[in-house]
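Participant: model the following, please.
(one chain, ligands or ions: 1)
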Amino acid sequence: MRELRPWLQLILRRRGRLVAGGALLLATLISGIALLALSGWFLTETALVGLLFAAGVQAYINLYVPGSGIRFFAVSRTVSRYLERLYNHNTVLSLLTDIRVALFNRLAQAGKRQRGDKTGAQWLSRLTADVDALDTLYLRLIAPTALAALVTLMIVGLAWLLFSGTIALILLGILATAFGLATWGLYVRTRALSGQLNERQEQLRGQVIEHLEGFAELTAAGRTGKHSGRLMRHAFALSQSQAEVDARVGWHLSVTVLLVNLSAVIALWAGFGLFQQDLVSGPVLVLLPIALLGLGEVYGMLPEAFGKFGATLAAARRLNEDVQPADEQPGFQKRPAGQGAKQSALTASDLAVGHPGQSSVITHFSVAVEPGDRLGVVGVSGSGKSSLADTFAGLIDPVAGSLESLPCTYLTQTTVVFDDTVKANLLLGNPEATDGELWHVLELVELAERFSREVAGLDTWLGNGGSRLSGGEARRLVLARVLLSKAPLVILDEPFTGVDADTRGRIAPRIDQWLDGRAVISLGHGPEALLPSGHILHLN
Ligand SMILES: Nc1ncnc2c1ncn2[C@@H]1O[C@H](COP(=O)(O)OP(=O)(O)OP(=O)(O)O)[C@@H](O)[C@H]1O
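Facilitator: I've put the predicted structure just below:
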């Protein structure tokens, strides 16, 4: 259960709300049980009085007190149920906010390596299915379990008072067995299977996304049928596991309800014995069994939650492992603060660059880049340019050596355009930029005319991943985004991918002039792919 600790601590920050919500749940449950018990008592009382009347015996019955009690509990049950739903759902949404915010904060601090380790489908799963498993922890699991235990003790106490200690202990034994079967027993029987379900669902979701994204390639290769057949087999296996978990939940639910009903029958049977000895009255005799039947409502909620408890624990474990802040990662070393480089924009000495589990791509790399410098880094495909740029930008940590730099802006090799407007995409580079500045950088990369032709201008929507732009246009747009930043160091990895030679020849000198006074490191396959550079390093 250690995996739940950080999330429970988060949930417990809203202690007041949890207690108030629990009290409302208790009020609803007690109203329901009291309504049943009092109605049973009242019906029996009126039936007995009716029999006495029929036998010609004079009898007395107070219709008003129990009648108003029944009305009171009927109303209090409805009102408290309504308030409980309203309040507890609000609580769950607040908890969801807390969990998401905590998660996003941790994710934002996580290193690039950690984020890059997972596919989009896996992150989607973390942020949806795994978070959902945690946000209902209180309402589905903690509150009903605490409530079931509390109300069981109250009813057993009632049995002690109205009937006898022995009967109370027998009822406690049966109810404790039902409680154990619906909670711990079911958890133990489903934890492994249920723990794997989310993971397998996540895998299947990833495979379906991959299938859809690669549909054109699969069709061209004539592999669509085979590929979708494999997906269907995985989906079938998954639904079988789900059915197995559901079957176990079903069994435990039946036995639990059976035991609760058995306790009601035993209470009735024991009550008859006491009635015959004149130790309890007829109406009191039915009160306890009916209250026990009412307990079935809360016991019925437990198996569903405990059948999924294995999945909840697995979700918490995954979130704990995958979304650790970077400085909690084993082996992570904080990069020296930028202020260390007083004069130089970037200084690297004896740097080794690489990826986990692989030998270093670059070793013994030393360079000093001063403000205003233009450094070019060229190398063949796979020589480590992007790994070096990632290391310069602080996205991955050096394997060895030292690195100090001023704050930088970084154009990665991948062109990332968000499904948003031109303006929103550009403002990521500098949220304070004015419309005039946005048009200016668009002019630098020769996109101003393209968007001034659009009716919406800067508010033109760019589509999923910039699908409404050509490859070269998308590249120039992200270049414009980087140009808006005021950072003293600019790192450009393959700045002109997809841009034709003529356009590149016109925009490169303009960009060079725009970045005057700032240090620029550009990386590419050859000098023509770079910004005009004073000094070029070749990677082998
Ligand atoms: N995330 C990663 N995990 C493991 N290895 C990686 C990772 N990224 C790159 N590599 C490996 O590091 C080496 C250098 O890759 P890198 O992308 O830095 O080269 P590059 O010079 O930028 O290549 P290109 O010009 O083709 O973009 C390659 O052998 C690559 O397989």
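Participant: C-alpha only now, for contacts and for neighbours.
Facilitator: Noted.
Participant: can you pull the contacts of the closest residue to residue 471 other than its chain neighbours?
Facilitator: Distances taken as C-alpha to C-alpha, 6 or more residues apart in numbering put residue 498 closest to residue 471, at 5.9 Å, once the chain neighbours are dropped. The neighbours of residue 498, taking C-alpha atoms under 8 Å, 6 or more residues apart in numbering as the test, are 471-472, 475.
Participant: for the stretch 401-540 of the chain, just list every one of the helices.
Facilitator: In the stretch 401-540 of the chain, the helices defined using DSSP state H, counting those that start in this stretch lie at 422-427, 435-444, 448-452, 471-484, 501-514.
Participant: export those to JSON lines and tack on mean pLDDT and mean neighbour count?
Facilitator: What follows is those, written out as JSON lines (pLDDT from 0 to 100; neighbours: other C-alpha atoms under 10 Å):
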{"stretch": "helix 422-427", "mean pLDDT": "95", "mean neighbour count": "22"}
{"stretch": "helix 435-444", "mean pLDDT": "95", "mean neighbour count": "17"}
{"stretch": "helix 448-452", "mean pLDDT": "93", "mean neighbour count": "14"}
{"stretch": "helix 471-484", "mean pLDDT": "95", "mean neighbour count": "23"}
{"stretch": "helix 501-514", "mean pLDDT": "93", "mean neighbour count": "15"}
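Participant: now, among the contacts of residue 498, which is nearest to the ligand?
Facilitator: Of all the contacts of residue 498, residue 475 has the smallest distance to the ligand: 15.1 Å, by C-alpha to the nearest ligand atom.
Participant: next up, the contacts around that closest one.
Facilitator: Going by C-alpha under 8 Å, 6+ apart, residue 475 touches 415, 495-499.
Participant: closest to residue 354 out of the helices of the stretch 401-540 of the chain?
Facilitator: Of all the helices of the stretch 401-540 of the chain, helix 471-484 sits nearest to residue 354, with 25.4 Å by C-alpha to C-alpha.
Participant: SS state for residue 92?
Facilitator: helix (DSSP: H, G, I helix; E, B strand; the rest coil).
Participant: what does the protein put close to the ligand?
Facilitator: Within the chain, the positions near the ligand by C-alpha under 6 Å from any ligand atom are 355, 361, 380-387.
Participant: one more time with 5 Å
Facilitator: Residues of the chain found near the ligand (C-alpha under 5 Å from any ligand atom) are 355, 381-387.
Participant: so which of these wins on neighbours?
Facilitator: residue 385 (26 neighbours; other C-alpha atoms under 10 Å).
Participant: give me the beta-bridge partners of the closest residue in space to that residue that isn't next to it in sequence?
Facilitator: Nearest non-adjacent residue to residue 385, counting by C-alpha to C-alpha, 6+ apart: residue 523, 6.4 Å away. Taking DSSP bridges, one obtains residue 377, residue 493 as the residues bridged to residue 523.
Participant: in TSV, list the residues of the chain next to the ligand along with pLDDT and secondary structure.
Facilitator: Shown next, in TSV, are those (pLDDT from 0 to 100; DSSP: H, G, I helix; E, B strand; the rest coil):
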residue	pLDDT	secondary structure
355	86	coil
381	91	coil
382	90	coil
383	91	coil
384	91	coil
385	93	helix
386	93	helix
387	93	helix
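Participant: where's residue 128 relative to the ligand, distance?
Facilitator: In this view, residue 128 and the ligand are 25 Å apart by C-alpha to the nearest ligand atom, to the nearest Å.
Participant: neighbours around that residue, how many?
Facilitator: Using other C-alpha under 10 Å, residue 128 has 12 other residues around it.
Participant: confirm that it sits in a helix.
Facilitator: Yes: assessed by three-state DSSP, residue 128 belongs to a helix.
Participant: can you pull the pLDDT of it?
Facilitator: Looking at residue 128, its pLDDT stands at 82.
Participant: redo the helices of the stretch 401-540 of the chain as CSV? Include distance to residue 31.
Facilitator: As requested, these are arranged in CSV below (distance: least, C-alpha to C-alpha, whole Å):
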stretch, distance to residue 31
helix 422-427, 54
helix 435-444, 62
helix 448-452, 65
helix 471-484, 62
helix 501-514, 74
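Participant: could you look up the SS state of residue 69?
Facilitator: Assigned with three-state DSSP, residue 69 falls in the helix class.
Participant: and residue 174, what does it touch?
Facilitator: Neighbour list for residue 174: 259-260, 263 [criterion: C-alpha under 8 Å, 6+ apart].
Participant: would you map the strands across the stretch 301-450 of the chain?
Facilitator: Secondary structure of the stretch 301-450 of the chain (DSSP state E, counting those that start in this stretch): strands located at 346-353, 362-369, 374-378, 400-405, 408-411.
Participant: helices or strands up against the last one?
Facilitator: If I follow you right, that is strand 408-411. Counting contacts by 3 or more C-alpha pairs under 8 Å, 6 or more residues apart in numbering; DSSP states H and E, strand 408-411 packs against helix 471-484, strand 489-493.
Participant: any weak-confidence spans in the stretch 101-250 of the chain?
Facilitator: Along the stretch 101-250 of the chain, the model assigns pLDDT under 70 to residues 110-116.
Participant: make it 90
Facilitator: 101-140, 195-210, 212-214, 216, 221-227 (pLDDT under 90).
Participant: picking that back up, nearest to residue 167 among the contacts of residue 475?
Facilitator: residue 415 (73.9 Å).
Participant: surely that closest one meets residue 472?
Facilitator: No: between residue 415 and residue 472 there is no contact under C-alpha atoms under 8 Å: 9.7 Å.
Participant: before we move on, the earlier item: and the furthest pair within the residues of the chain next to the ligand?
Facilitator: Among the residues of the chain next to the ligand, the pair separated by the greatest distance (C-alpha to C-alpha) is 355 and 381, at 16.3 Å.
Participant: so the residue nearest to residue 385 makes contact with residue 496?
Facilitator: No: with contact defined as C-alpha under 8 Å, residue 523 does not count as touching residue 496 (10.3 Å).
Participant: who has more neighbours out of those two?
Facilitator: Between residue 523 and residue 496, residue 523 has the larger neighbour count (other C-alpha under 10 Å), namely 28 against 23.
Participant: and the chain, what are its domains?
Facilitator: The chain breaks down by automatic domain parsing into domains covering 2-328, 338-538.
Participant: where's residue 513 relative to the ligand, distance?
Facilitator: 26 Å.
Participant: ok, now residue 142?
Facilitator: For residue 142, the distance to the ligand - C-alpha to the nearest ligand atom - is 41 Å.
Participant: flag the shaky bits of the stretch 251-400 of the chain, pLDDT-wise.
Facilitator: Low-confidence segments of the stretch 251-400 of the chain (pLDDT under 90): 275, 278-287, 290-291, 294, 296-298, 311, 314-344, 355-360, 394-397.
Participant: where along it do the helices fall?
Facilitator: Under DSSP H, counting those that start in this stretch, the stretch 251-400 of the chain gives helices at 282-299, 302-307, 309-322, 385-392.
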